[in-house]
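Enquirer: Sequence below, structure please.
(4 chains)
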Number of protein chains: 2
Amino acid sequence: MTNLFQNINDKNIEKLKRILKADTVRYQKNVNILSNVNPEDFIAIIDSGSVQLISTDYDGNERIIEDIGEGEIFGSISYSLNNEDVSCITKEKTQITYIQYKQITNDEIIKTDSYIIFIKNLIKLLGEHVSSKNTRIELLTKKTTRDKLLEYFRLQTQTTTNKSFTIPMSYTELANYLAVDRSAMTREISYLKEEGFIRTNGRKITLLY
Amino acid sequence: MTNLFQNINDKNIEKLKRILKADTVRYQKNVNILSNVNPEDFIAIIDSGSVQLISTDYDGNERIIEDIGEGEIFGSISYSLNNEDVSCITKEKTQITYIQYKQITNDEIIKTDSYIIFIKNLIKLLGEHVSSKNTRIELLTKKTTRDKLLEYFRLQTQTTTNKSFTIPMSYTELANYLAVDRSAMTREISYLKEEGFIRTNGRKITLLY
DNA sequence: AAATATTTGTTGCATTTGCAACATTTTACA
DNA sequence: TGTAAAATGTTGCAAATGCAACAAATATTT
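Expert: As a prediction, the model looks like this:
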């Protein structure tokens, strides 16, 4: 995963942040940070920790829009946060740097040495964003819970020759990510075990096919 | 929807395209264009017409990943096309301009007057991309077909005071977009009509609530 | 304008899924 | 470290959904 300031040395990062009118804020765990942020366009970069974008509809159903970890970005470029009832909750102690979107093309920054690298990183990051959305859509459009799980397993193992992997979230969160009922998902996983497709040990899953 | 070359005059567009080693190709309807394209990183801009990115899994199920219309972009920035079996089909006569991703930050282009506008457009376009993915995810994570439809209807009317709108695709494609069985969706629409929530006339839908 | 292809509407039926309501285990934290 | 909170596993049942197989209506093409 790309980091917004990767390949830029510390001195230049400081310079960029100053020109971008960067503002760094620390939060405790479980804080709704968007209530403190002005609605102006901004890009938020997670320096450390992680947050979750959660939308709540009129029925009170919560959906996780996005999990955002260290080095990743969120904000009005990538999500129209004012569009509906979205809250952004820190999952742990988290430090976030906000930069003003409109400063990205101000006169001063364009002359900066590391500007091009910065822009390249930003574009790459946005591209990765789209890619991860596409992955989720690919999973969500599978017809059955079983298909969703098997495709998810396939994606987890496709980069390695390994048949084992550990899911990077709780089963509760996985069910949410795949938009299926948690208990129904657990049932399906049981069937997959019974039928000899997989073996599990906590969050470690081994494919037997 | 942002256009990659908006706010740039024709002369400068030509200049940019030349520096970016742009390559313009015309296609007939129903052509699989990706079979002709080298796998190198590129951004494709639809000058006119439209295309559809379709992924086919091992079961032969087809999913529409994306509908791309005039002025919009696609390509390796926003989707790792080599990742799985994705084909890109023109829906009508279509003209596409390909630019090399790596040229986006070459030395010559940085000195160009309209470069900043170009970059701004590109970032905005990618942001809109993410946004539209988020919208689809929002719909796909709704539990029932009815919820998906009602949310879709809400999104169609939220920008206007109007209670009527025309869906911009066929019902077959809408079912695909919402990842539900077409006949089950038609059934649900019938129920919504019976229960007095909506009225329809072809693809024109009027909300009665 | 006729022929062909595509879209739309309908319905019975089997399957899948969500929901509720638990017991049990694991994790967080005061 | 003890207690509260969260996560996990299980199952019966009702509701929602996919599927198949049509007929009818629209579009598209030649």
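
Enquirer: switch to C-alpha atoms for all contacts and neighbour counts from now on
Expert: Fine.

Enquirer: Might one say that residue A:28 is in contact with residue A:94?
Expert: Yes - using CA atoms under 8 Å, residue A:28 is in contact with residue A:94, at 6.5 Å.

Enquirer: Verify the stated contact: residue A:205 with residue A:164.
Expert: Yes - the criterion here is CA under 8 Å, and residue A:205 meets it with residue A:164 at 5.6 Å.

Enquirer: more neighbours, residue A:28 and residue A:94?
Expert: More crowded of residue A:28 and residue A:94, by other CA atoms under 10 Å in any protein chain shown: residue A:94, with 22 against 15.

Enquirer: got any ranges where chain A has weak pLDDT?
Expert: Counting by pLDDT under 70, chain A contains low-confidence ranges at A:35-40, A:56-62, A:76-85.

Enquirer: Point out the residues in it that sit beside DNA strand D.
Expert: A:143, A:170, A:171, A:172, A:173, A:183, A:184, A:186, A:187, A:190, A:202, A:203 (CA under 7 Å from any atom of the strand).

Enquirer: From the residues you listed, list the buried ones, please.
Expert: With burial judged by 16 or more other CA atoms under 10 Å in any protein chain shown, the buried subset of the residues of chain A next to DNA strand D is residue A:171.

Enquirer: which one of the residues of chain A next to DNA strand D is nearest chain B?
Expert: Of all the residues of chain A next to DNA strand D, chain B sits closest to residue A:143, with 7.6 Å by CA to the nearest CA.

Enquirer: Name the secondary structure element that contains that closest one.
Expert: Residue A:143 is part of no helix or strand when elements are defined by DSSP states H and E.

Enquirer: In this structure residue A:209 contacts residue A:197, no?
Expert: Yes - assessed by CA under 8 Å, residue A:209 is found in contact with residue A:197 at 6.1 Å.

Enquirer: More neighbours: which of these two?
Expert: Neighbour count, other CA under 10 Å: between residue A:209 and residue A:197, residue A:197 has more, with 14 against 7.

Enquirer: Based on its surroundings, how many neighbours for the residue in chain A that DNA strand C sits nearest to?
Expert: Closest residue of chain A to DNA strand C, CA to the nearest atom of the strand: residue A:144 (2.8 Å). Close neighbours of residue A:144, defined as other CA under 10 Å, add up to 13.

Enquirer: what do you get for residue A:93?
Expert: 15.

Enquirer: For it, which residues are in contact?
Expert: By CA atoms under 8 Å, 6 or more residues apart in numbering or on different chains, residue A:93 lies in contact with A:26, A:27, A:28, A:29, A:48, A:49, A:50.

Enquirer: Please pick the buried ones from those residues.
Expert: So, by 16+ other CA under 10 Å, the buried ones in those are A:27, A:48, A:49, A:50.

Enquirer: Now intersect these with the strands, please.
Expert: Counting by DSSP state E, the part of the buried ones among the contacts of residue A:93 found in strands is A:27, A:48.

Enquirer: Let me know the closest of the buried ones among the contacts of residue A:93 to DNA strand D.
Expert: Distances from DNA strand D to the buried ones among the contacts of residue A:93, taken by CA to the nearest atom of the strand, are shortest for residue A:50, at 14.5 Å.

Enquirer: Quick check: that closest one vs residue A:167, distance?
Expert: To residue A:167, residue A:50 is 17 Å away according to CA to CA, to the nearest Å.

Enquirer: Same check on residue A:53?
Expert: As judged by CA to CA, residue A:53 and residue A:167 stand 20 Å apart.

Enquirer: More neighbours: those two, which one.
Expert: Neighbours per residue (other CA under 10 Å) separate residue A:53 from residue A:167, with residue A:53 holding more: 20 against 15.

Enquirer: Shouldn't the more buried one be within a strand?
Expert: Yes - assigned with DSSP: H, G, I helix; E, B strand; the rest coil, residue A:53 falls within a strand.

Enquirer: Backbone dihedrals for the nearest residue to it once chain neighbours are set aside, both of them.
Expert: Once flanking residues are discounted, residue A:53 sits nearest to residue A:88: 4.5 Å by CA to CA, 6 or more residues apart in numbering or on different chains. Torsion angles at residue A:88 (phi, psi; degrees, to the nearest 10) stand at phi -120, psi 110.

Enquirer: again with residue A:136
Expert: phi -60, psi -40.

Enquirer: List the residues that contact it.
Expert: A:177, A:178, B:137.

Enquirer: Tell me the residues of chain A that contact DNA strand C?
Expert: Taking CA under 7 Å from any atom of the strand as the contact definition, chain A meets DNA strand C at A:143, A:144, A:145, A:146, A:179, A:180, A:181, A:182, A:183, A:184, A:185, A:188.

Enquirer: Can you check my assumption that residue A:7 lies in a helix?
Expert: No - using three-state DSSP, the secondary structure at residue A:7 is coil, not a helix.
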